[in-house]
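In: no FASTA, just this:
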């Protein structure tokens, strides 16, 4: 939050190496080391127990409701009205529309936009065809609901690695296209970054083991090194801090269901 930006566009679970090879947005590409290896760790380390009343947070991330009320001037939570039940996530177009509305509604505020892609579920043509939803796994009743845990299934060899990586890359291409369009409509200096990366079989430490997904508390570069693309715009925004707006509580059942759809539970 101490960095110089007017708009912070967060891609969820975006690896730096893949961003570097797939990004076509003009700007100064740097990198940063994230404070978290999964979303809640990132959110709590950056935002919890602090106040940013000059900032509006537009989010599709299901961990966001855990951020204490009053942290930001306003929070636009897309987990209910913006949720696409068929895809099992919030489509990036929905985030773009919400951010554009927020810029008009809060012209004197910094904006944070938290997209869910490239994080699973895979929403592209090839990703949606990936045969992970119908996998049958013979486990105990407490462990049987794993059909959406794509990285766990990849680790156990139940999915084809090349197909999963292709679907992840496809998700990244999709969200980057929407981010590029959004940048054209935003005033000020924008930064495109990520909350954390994603393991796809790299060896972790201190206990050598292949890692998948984004477990909390790991210091692996594939999880911690994230893109920091600075895109200069016109008309830098003059921001002011105001009393926070009243924030609607998100139903705990909705949060639980969204976490499940995104493979967290």
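Out: Arrived safely. What you see is a predicted model, and the numbers here were worked out from it, not measured in a lab.
In: how about stretch 201-214, which residues are buried there?
Out: Buried residues in stretch 201-214, counted by 16 or more other CB atoms under 10 Å: 204, 211-214. Just so you know, the C-beta spots here come from the backbone N, C-alpha and C atoms, and that holds for glycine as well.
In: for it, measure first residue to last.
Out: The straight-line separation of the ends of stretch 201-214 (CA to CA, to the nearest Å) is 11 Å.
In: need the residues that contact it.
Out: 13, 37-38, 151-152, 154-155, 161, 196-200, 218-220, 222-223, 263 (CB atoms under 8 Å, 6 or more residues apart in numbering).
In: returning to what we had before: filter the buried residues of stretch 201-214 down to the ones in strands?
Out: Taking DSSP state E as the definition of strands, the buried residues of stretch 201-214 contribute 204, 211-213.
In: can you list the residues you listed in CSV and add distance to residue 170 and pLDDT?
Out: As requested, these are arranged in CSV below (distance: CB to CB, whole Å; pLDDT from 0 to 100):
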residue, distance to residue 170, pLDDT
204, 26, 83
211, 22, 90
212, 18, 91
213, 18, 91
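In: could I get those as a markdown table with distance to residue 81?
Out: What follows is these, written out as a markdown table (distance: CB to CB, whole Å):
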| residue | distance to residue 81 |
| --- | --- |
| 204 | 38 |
| 211 | 35 |
| 212 | 32 |
| 213 | 28 |
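In: what is the most widely separated pair among the residues you listed?
Out: Spanning the widest gap among those are 204 and 213, at 11.2 Å by CB to CB.
In: what about the helices in the stretch 151-265 of the chain?
Out: Secondary structure of the stretch 151-265 of the chain (DSSP state H, counting those that start in this stretch): helices located at 161-185, 221-224, 252-261.
In: packing partners of the last one?
Out: If contacts are counted by 3 or more CB pairs under 8 Å, 6 or more residues apart in numbering; DSSP states H and E, helix 252-261 sits against no helix or strand.
In: quick revisit: put together TSV for the helices of the stretch 151-265 of the chain, with mean neighbour count and distance to residue 85 on each row.
Out: Formatted as TSV, the helices of the stretch 151-265 of the chain follow (neighbours: other CB atoms under 10 Å; distance: least, CB to CB, whole Å):
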stretch	mean neighbour count	distance to residue 85
helix 161-185	18	18
helix 221-224	19	30
helix 252-261	15	9
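In: mind checking these for the one nearest to residue 127?
Out: Taking CB to CB as the criterion, residue 127 comes closest to helix 161-185 out of the helices of the stretch 151-265 of the chain, the separation being 3.5 Å.
In: what does the closest one contact?
Out: Counting by CB under 8 Å, 6+ apart, the neighbours of helix 161-185 from elsewhere in the structure are 9, 11, 14, 18-19, 22-25, 92-93, 95-96, 99-100, 103, 113, 115, 117-120, 122-127, 130, 150, 154, 190, 192, 198, 200-201, 231, 233.
In: can you give me the strands for the stretch 101-250 of the chain?
Out: 110-118, 190-194, 199-204, 209-213, 225-231 (DSSP state E, counting those that start in this stretch).
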